[in-house]
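Sequence first, predicted coordinates after that:
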Amino acid sequence: MNTPLFVILGPTASGKSSLALQLAQFLPVEIVNCDSVQIYKYLDIGSSKASESEQAEIPHHLIDILEPDQLFTAGEYLVRGRKVLEEIQKRSRFPVVVGGTGLYLRALLDGLFEGPKRSDALRQRLSKLAERKGLAYLHQLLKRVDADSAQRILPNDKPKIIRALEVFYLTSKPISWHFRSGREPLRGFCILKLGLNPPREILCESINQRVDQMFASGLVGEVKLILSRGFSFDLKPLQSLGYSQVIRYLQGLITLSEAVALTKLKTRQYAKRQLTWFRKEKEVVWFEGLGTSLPLQAEVRTRVASFLEQESTGDSAAAWEQNSISLGD
């Protein structure tokens with residue numbers, strides 16, 4: 001029996017979490033985080049985590065599972081995420097995967113190739129090459145050996161560039177080739193992907209409001225508290241949106257108003273990249289609005305009901321009835 005699995009994807013500030021909580025009002029669901037910042041403890045305001053009351057009302061998973069100085073990869077997310085999905089399945093409940101980290105989602109649903117173990121010696125050589133000739137040189141080198149990956153990886157993303165080159169030199173095949181072969185997709189679930197694609201002006205306004213709320217709610221104080229715990233400002237989670245701008249403010253490099261404005265700009269740019277990534281996802285049912293919109297929520301409710309009706313045959317139907325699912329009016 002395949003268990004229904006719902007995926008809510010879309011750009012930051014598009015209302016994914018709100019839509020997930022709305023689904024929880026009429027379905028026996030548990031929410032699985034798919035955001036690469038929310039997995040870390042203490043990074044609450046800047047990552048827009050669900051509140052304590054929301055997490056108490058609806059089970060949430062893969063939130064606050066790591067200290068800020070712990071490394072975490074898409075491969076580790078795959079392992080932990082699939083384990084959580086299986087546990088939810090055993091409880092005869094439905095997982096709702098929510099978040100904007102496209103690579104994590106792809107790993108969870110499609111699997112990842114088992115790449116070669118990291119070579120510290122090769123990585124050191126590539127890092128020194130980047131120091132001598134610049135990161136742009138490494139990106140051009142990647143473009144020559146793996147044009148597909150070079151198009152996908154940003155020119156300033158040093159870790160991913162080095163990993164792609166490392167895989168090529170260790171296996172004589174591009175990492176993009178590995179991605180297309182040898183992956184083990186998720187099994188045992190019937191998946192409905194719900195995509196949020198608000199009009200640009202509405203999304204920009206939502207982003208601006210979210211950033212203003214983050215700073216008003218104490219983002220600067222949150223960063224100070226994290227640093228007071230002994231964590232370094234250059235940790236990867238603290239280089240994420242909002243946090244990196246606050247750190248620059250605390251270092252005296254920019255004013256507070258500049259930090260707010262810069263966070264809004266960088267977030268809008270990030271949202272654009274997210275949409276570019278998610279538009280490549282297959283079989284997404286897109287909705288043109290924010291997840292907080294009542295008319296959109298009604299549309300989603302109708303689509304979910306249709307999906308469940310199509311899938312609810314045999315044992316599946318009995319399981320849903322046992323969970324007392326009510327789609328309401």
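Great, that's in hand. Numbers count the residues shown, from 1 in each chain.

pull the longest helix from this structure.
helix 256-278 (DSSP state H).

how near is the residue lying closest to G102 once chain neighbours are set aside to Q25?
Nearest non-adjacent residue to G102, counting by Cβ to Cβ, 6 or more residues apart in numbering: W277, 4.1 Å away. The C-beta positions use only the backbone N, C-alpha and C, and glycine is treated the same way. Using Cβ to Cβ, to the nearest Å, one gets 29 Å for the distance from W277 to Q25.

More neighbours: which of the two?
Shown here are W277 and Q25; by other Cβ atoms under 10 Å, W277 has more neighbours (18 against 12).

Report the mean confidence score over stretch 263-275.
Averaging the model's pLDDT scores along stretch 263-275 yields 96.

Would you mind splitting the chain into its domains for me?
Under the assignment automatic domain parsing, the domains of the chain span 3-112+183-322, 120-180.

Please identify the most buried of these.
domain 3-112+183-322 (a mean of 18; mean count of other Cβ atoms under 10 Å).

next one: it to chain centre, how far?
Domain 3-112+183-322 has its C-alpha centroid displaced from the chain centroid by 6 Å (Cα atoms, centre = their mean, to the nearest Å).

The stretch 151-300 of the chain: helices as residue ranges?
158-171, 175-180, 200-216, 219-228, 243-250, 256-278, 294-311 (DSSP state H, counting those that start in this stretch).

what packs against the second one?
With contacts defined as 3 or more Cβ pairs under 8 Å, 6 or more residues apart in numbering; DSSP states H and E, helix 175-180 has these neighbours: helix 147-152, helix 158-171.

What average pLDDT does that helix get?
The model assigns helix 175-180 a mean pLDDT of 76.

what's it in contact with?
L112, F113, G115, D146, D148, S149, R152, R163, A164, V167, F168, T171 (Cβ atoms under 8 Å, 6 or more residues apart in numbering).

before we move on, back to that, okay, the angle between the longest helix of the chain and helix 200-216?
Helix 256-278 runs at 130 degrees relative to helix 200-216, counting by axes from the mean of the first three to the mean of the last three Cα atoms, to 10 degrees.

tilt between helix 256-278 and helix 219-228?
Computed by the same axes, to 10 degrees, the angle between helix 256-278 and helix 219-228 is 90 degrees.

Would you single out the least confident of the domains of the chain?
domain 120-180 (a mean of 90).

Could you list which residues are in contact with V145?
L165, F168, P174.

for the second one, what are its contacts?
Applying Cβ under 8 Å, 6+ apart, we find F168 in contact with L142, V145, D146, P174, I175.

Over to the last one?
Counting by Cβ under 8 Å, 6+ apart, P174 makes contact with V145, D146, D148, S149, A164, V167, F168.

hmm, 7 Å instead?
With contact set as Cβ atoms under 7 Å, 6 or more residues apart in numbering, P174 has these partners: V145, D146, D148, S149, F168.
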